[in-house]
Structures are given as C-alpha cells and as structure tokens.
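J.: Provided below are the primary sequence and the corresponding predicted coordinates.
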Amino acid sequence: MIFSICIPTFNREVHLNNCLNSILIASKNVKDFEFEVCVSDNNSNFNIENIVQKYESLLNIKFSKNKKNLGFSLNAIQSVSMASGKFAWLIGNDDLVLPHTLSKIKNLIDQNPEVEYFFLNSYFLNSKILKKFTSPVNVEKIDFKNLNSICSLKKDRKGKFWDVIDPEVSWDFLIGIFLSVFNREQWLKHLHVLDSKQIEDPNLWSNFDNTCTHPKVLSSAFKNSNAYICTEPQSINLIGEREWFSLYEFVEIVRIPELINFYRSLGMPITKYLKCKNFSLRNFSNYFTKILIGGKKSGLHYVDFKKNILFNLYFPNVYLSGFYYLFRFFKKIMKK
C-alpha cells in the first residue's frame, strides 16, 4: 500500500459524508494509485458506520469504532496506526479533498523518492456556504476563484523540514492536520515524544501536547528530512462552525508560540525562530484582551502568565500588535 488517508471523526456525520464523497470524486481522476481510507470513530452518538458503509463498495475503507471517547489526540493516532500505507495524510472529517488531489499526490510521491514530508497548501471556506449544496457536496461545483489559501508562495519548493516552518508557508505553523503528507512509519516511531497524560486529557487545547500532537510528532520525526512545499491547494478547510472556536485567540497567542519554542528546542535556526515567534504574536494585544474578557470559556484558566505572557515581552509584535489592530480597524471604516 502506497498511501493512506486517515480521518479521525466524532459526531459529524454530514461533514464525514461530504469528506468521503470528495475522496470518491478524486479517486476517479487518478490511475494506478493504490490507496486506502482509514476512519476512526471516537464513539460517536450518531451511527457513523452507516455513512462509511455507503462508500465501502466504492473505496478501499478501513473502519474502527472506539469503545469510549479517547479524546482527539488519541483518536488521531488511532487513525494513523490502523493504516498500512507508506505515506499517510491525516485530515479532519470536515475537510474536503479536491478533484485533482490524489493524482497530484501520486505524482509528488513518484517524482520525489528522497522526500519523506510533503506540505500541501489548502483553501479556506466558510462552512455556511456548504449549506447551499445538497449533501453530499460535489466539490466540482464549488467556485475556488475567490477562496484564500494558507500558503502565500507562488512556486513549489524542495528543501529541508525547517524550510516549511515559515509564515509564508503556513501562518499556523502546521497545527492544521490537513497540511501534511508524511512517511507513516517514521511518524509512528516518534510517538514517544508525547506526554501520555497530556494527550489523554479529553479537554481539547487544555495543554500543549493535546493541542499540538501532530506537529510535535512531525517535527521530531522529520526535523532532518527532505521536504517538499506544494503551493497548489489540495484540500478545503472549513471555518466558522468549529466547536473550539471560542478558544481560537488562545491557540493563536499561547499554543502556537509554545509550538515555535518546541521547534527551537529541536534545532530550528535562531534567525528563523525569532522571525516566526515574532510573527505569531502579531495579534497579541487584541487577542489577549479578548481572552481576559472571555475568561474561562476563552481559555484564560490555561494561560501560564510567566511562560505565555512575560517571556513574550522580548518580541516587538507584543507592543506593535495594538497598532496593527487599530490600523486594520480604521482601514475597514474607510472602506465603508
């Protein structure tokens, strides 16, 4: 088996139906490519298995249902562990695969045998737009012309893993699980870097390891590996209806800077570290204000003031972020 698409899922039967249908459409546009789809259900309240059964005769699907809810991190690990492909792509159950994507991934793997890690650009789409379509959504009918994507680079690049960790490539520095195709065995060998107690915590974003499970393992596994940056979007990431959206600001100014600190501990070059860390704090003032106002529901009780606030005061964007916010605010007013 060459390739595995790994999908951890929980209580999102409509989204999963859309996701699997997008993979089915993409499968019709690729030849001589052996791949599988691995769905790990985290003990959903809905009958996810019925959705999966619709595609069993159309796609090579493995399905597993956990006897209890393991939390997101362990369910994601389960979806990769049940796979058998040399390469794996871990995506969300609400992500959509584009019609050309499997063909593109096949070519990337075939043409770059020395590469163990591939970054895949992705579009953003407000989930409200999908409500205009009948489920399962036909991705071929979505207009991509006005969609924004994560990566701002225009040309593909081949280099080392640390070349991927850059604001021009990914502003969330690989927290998005849908961004990475990776050597599966190498990834599994580095699960030991995770704190078992932290990833067992069912409260998503409550600690570093259960927030940054995937990028922590990725960076540990591929820090010295060849990497490829694919600038053409290969998926659609939905925004607007995430259960954790109230914690968005917390993740941006607490967990992402922590992730960049972890990258530095693995050997990320100091100049790149300073650039990325400062960039990650570009919204510090307004986001921290929102966290203070929101209190517990915004993640305030997870903030370590010494580590997450005081240690960030060395970076210019902590102070400039307020000016950036005011500039954007008045720019919006002027447009009206």
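T.: Alright, I've got the coordinates. Predicted model, so just to flag it, every value in this text is computed and none were measured. Residues are numbered from 1 along each chain as shown.

J.: going forward, measure contacts between C-alpha atoms and count neighbours the same way
T.: Will do.

J.: so how far is stretch 26-40 off the chain centroid?
T.: The chain centre lies 20 Å from the centre of stretch 26-40; the measure is C-alpha atoms, centre = their mean, to the nearest Å.

J.: in it, what counts as buried?
T.: Neighbour counts over stretch 26-40 (16 or more other C-alpha atoms under 10 Å) mark Ala26, Ser27, Val30, Phe35, Glu36, Val37, Cys38, Val39, Ser40 as buried.

J.: first vs last residue of that stretch, how far apart are they?
T.: For stretch 26-40, the first-to-last residue distance is 21 Å (C-alpha to C-alpha, to the nearest Å).

J.: average pLDDT across it?
T.: Averaged over stretch 26-40, pLDDT sits at 96.

J.: ditto for stretch 155-175
T.: pLDDT averaged over stretch 155-175 gives 96.

J.: how far off centre is the longest helix along the chain?
T.: Taking DSSP state H as the criterion, the chain has its longest helix at helix 317-335. On the basis of C-alpha atoms, centre = their mean, helix 317-335 sits 27 Å off its chain's mean C-alpha point.

J.: which strands or helices does that helix pack on?
T.: helix 270-280, helix 284-294 (3 or more C-alpha pairs under 8 Å, 6 or more residues apart in numbering; DSSP states H and E).

J.: now render those helices as JSON lines, adding distance to Gln78.
T.: Output for the helices and strands packed on helix 317-335, formatted as JSON lines (distance: least, C-alpha to C-alpha, whole Å):
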{"stretch": "helix 270-280", "distance to Gln78": "30"}
{"stretch": "helix 284-294", "distance to Gln78": "32"}
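
J.: any idea which of those helices gets closest to Leu188?
T.: Smallest distance to Leu188 across these (C-alpha to C-alpha): 26.2 Å, for helix 270-280.

J.: neighbouring contacts of that closest one?
T.: Residues outside helix 270-280 that contact it (C-alpha atoms under 8 Å, 6 or more residues apart in numbering) are 165-167, 171, 252-253, 256-257, 260-261, 263-264, 315-318.

J.: min pLDDT across these, which one?
T.: Ranking the contacts of helix 270-280 by pLDDT puts Trp171 at the bottom, with 91.

J.: how many residues are close by the residue lying closest to that residue once chain neighbours are set aside?
T.: Excluding its sequence neighbours, the residue lying closest to Trp171 (C-alpha to C-alpha, 6 or more residues apart in numbering) is Ile150, at 7.0 Å. Counted with other C-alpha atoms under 10 Å, residues neighbouring Ile150 total 21.

J.: circling back to that earlier point, buried ones among the contacts of helix 270-280?
T.: In the contacts of helix 270-280, burial by neighbour count holds for 165-167, 171, 252-253, 256-257, 260-261, 263-264, 315, 317-318, counting by 16+ other C-alpha under 10 Å.

J.: can you list the weak-confidence ranges in the protein?
T.: Within the chain, the ranges that satisfy pLDDT under 70 run 240-244, 335-336.

J.: could you redo the helices and strands packed on helix 317-335 as a markdown table and give each row mean neighbour count?
T.: Below are those laid out as a markdown table (neighbours: other C-alpha atoms under 10 Å):
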| stretch | mean neighbour count |
| --- | --- |
| helix 270-280 | 17 |
| helix 284-294 | 18 |
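
J.: out of those, nearest to Asn60?
T.: Taking C-alpha to C-alpha, helix 270-280 is the member of the helices and strands packed on helix 317-335 nearest to Asn60, at 39.8 Å.

J.: okay, the angle between the closest one and helix 284-294?
T.: If you take axes from the mean of the first three to the mean of the last three C-alpha atoms, to 10 degrees, helix 270-280 sits at 50 degrees to helix 284-294.
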